[in-house]
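> 3D model of this:
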Amino acid sequence: MDLSTSFMGMKFKNPLMPASGPLVGDDEKIIFLNKMGLGAMVTKTISINGAMVPRPCIIAGENNILNVELWSEYSLECWVNKYLPNIKKEVKSPLIISTGYTKEDMKILIPALDPFADAFEISTHYVGKDLSIIAETIKTIRSLTNKPVFMKLSPHMPDPVAFSKMVLESGGDGVVAINSVGPTMSIDLKKRSIVMGNTKGEAWMSGPVIKPIALAMIAKIKREVPECKIIGVGGISSAKDVLEFLLAGANLVQMLSAAMLKGIDLYKKIIDELPQTLKNYGFSSIQEVIDTPLNIPDTVYEPIYPNVDEKACILCQKCIKSCPYFAMSKVDNKIIINKEYCFGCTLCKSICPKNAISF
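Here you go, the predicted model:
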């Protein structure tokens, strides 16, 4: 099964790479992850000076990570003189350098980082929503490098399509969608206190919980700006997720939070599972997934009713307890549908643990 793909003049043995964050915070971490067979590597966001990061800075929920990490805690000088030379010696796959933030910063950062980069990912997390300011930053970057430049889309940007068009018009090559969602907050009831946060008690959320937001933004950008190259990120935790992001419109994908929730070896597990997952869904290669258009079904307004497979049903009654229309009941050890009440919402199908309900 062919997992390889080409992108902006670069070749990738598979579409998966880490996202910018703590797991790629120095040379040792990047070299370690590279041994798992990832298609490319990404650095933590490098700025001129190292960030002062509050502690605690990362906590896990059931399907999310909250963090108050900023950019790299190490300076540009440290990256250029120590980490990046070591990385380039050991890592032969493409290296995407994440950097930020302002136009003035770029005048220093890009010339220093360009000898090590195969492409740049530019964070926009702390530069506001004014597209004209971001456009000037892109123009400055383009004047300093001929490497591919991707702008990372923060979910707080009100119009992802306008953002993507601006990136291309200003000389960028595409977007990385999406960054973490926020602000968010976690509270400790016993201590009557915020668990972790910045000076306002706020944090940013990533992980599987934001996957539906990321997919929607990627699909919207692909539909409205088809020429825009997209690196998909935000909620990937399985080989199936990788294919969904590619089908939505991404050319490559990144993952970070799920590896912190489930273990760093998740990268290798996903790569190992990709061939069988492709086969399970009728694809012969990663490129075929990328080239396949995403179908949007016709909208139906008439109710459709569920069918319950009695052999598969274990009578757990989750469907009965969850039905918002009170349309399901248990009669004579069978799940019965009251079509007078049923709205055809399909919630029951999505929560059934045995896939015993179909429409």
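> please count neighbours and contacts with C-alpha atoms only from this point.
Fine.
> so residue 240 belongs to a strand, correct?
No: under DSSP: H, G, I helix; E, B strand; the rest coil, residue 240 falls outside any strand and is assigned helix.
> report how many residues lie close to it.
16 (other CA atoms under 10 Å).
> list the contacts of it.
Each residue near residue 240 by CA atoms under 8 Å, 6 or more residues apart in numbering is listed here: 274, 277.
> ok, now residue 283?
Taking CA under 8 Å, 6+ apart, one finds residue 289 in contact with residue 283.
> make 34 the starting number, not 1.
Fine by me, first position is 34 from now on; the one you just mentioned is residue 316.
> so it: helix, strand or coil?
Recorded secondary structure, residue 316: coil (three-state DSSP).
> which residue ranges form the helices in this structure?
In the chain, the segments counted as helices under DSSP state H are 60-67, 109-111, 117-123, 136-146, 164-175, 193-202, 244-257, 272-281, 290-295, 299-313, 319-324, 351-355, 380-384.
> can those helices go into TSV with extra columns for distance to residue 215?
Compiled in TSV, the helices of the chain are given as follows (distance: least, CA to CA, whole Å):
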stretch	distance to residue 215
helix 60-67	27
helix 109-111	27
helix 117-123	31
helix 136-146	24
helix 164-175	19
helix 193-202	16
helix 244-257	12
helix 272-281	21
helix 290-295	15
helix 299-313	25
helix 319-324	30
helix 351-355	29
helix 380-384	27
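> reformat those as JSON lines; add distance to residue 235 and mean pLDDT.
Formatted as JSON lines, these follow (distance: least, CA to CA, whole Å; pLDDT from 0 to 100):
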{"stretch": "helix 60-67", "distance to residue 235": "27", "mean pLDDT": "98"}
{"stretch": "helix 109-111", "distance to residue 235": "27", "mean pLDDT": "98"}
{"stretch": "helix 117-123", "distance to residue 235": "32", "mean pLDDT": "98"}
{"stretch": "helix 136-146", "distance to residue 235": "26", "mean pLDDT": "97"}
{"stretch": "helix 164-175", "distance to residue 235": "24", "mean pLDDT": "96"}
{"stretch": "helix 193-202", "distance to residue 235": "24", "mean pLDDT": "98"}
{"stretch": "helix 244-257", "distance to residue 235": "20", "mean pLDDT": "98"}
{"stretch": "helix 272-281", "distance to residue 235": "28", "mean pLDDT": "98"}
{"stretch": "helix 290-295", "distance to residue 235": "18", "mean pLDDT": "98"}
{"stretch": "helix 299-313", "distance to residue 235": "28", "mean pLDDT": "98"}
{"stretch": "helix 319-324", "distance to residue 235": "37", "mean pLDDT": "98"}
{"stretch": "helix 351-355", "distance to residue 235": "33", "mean pLDDT": "97"}
{"stretch": "helix 380-384", "distance to residue 235": "32", "mean pLDDT": "96"}
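> pick the most buried one from the ones you listed.
Mean neighbour count (mean count of other CA atoms under 10 Å) peaks for helix 272-281 among the helices of the chain, with a mean of 23.
> that one: how far from the chain's middle?
Relative to its parent chain, helix 272-281 has a centroid offset of 11 Å by CA atoms, centre = their mean, to the nearest Å.
> right, and the helices of the chain - which one's nearest residue 36?
Closest to residue 36 of the helices of the chain, according to CA to CA: helix 319-324, at 5.1 Å.
> can you give me the offset of that closest one from its chain's centre?
Averaged C-alpha coordinates place helix 319-324 at 18 Å from its chain's average position (CA atoms, centre = their mean).
> I figured residue 185 hits residue 210, correct?
Yes: Residue 185 is within contact range of residue 210, at 6.1 Å (criterion: CA atoms under 8 Å).
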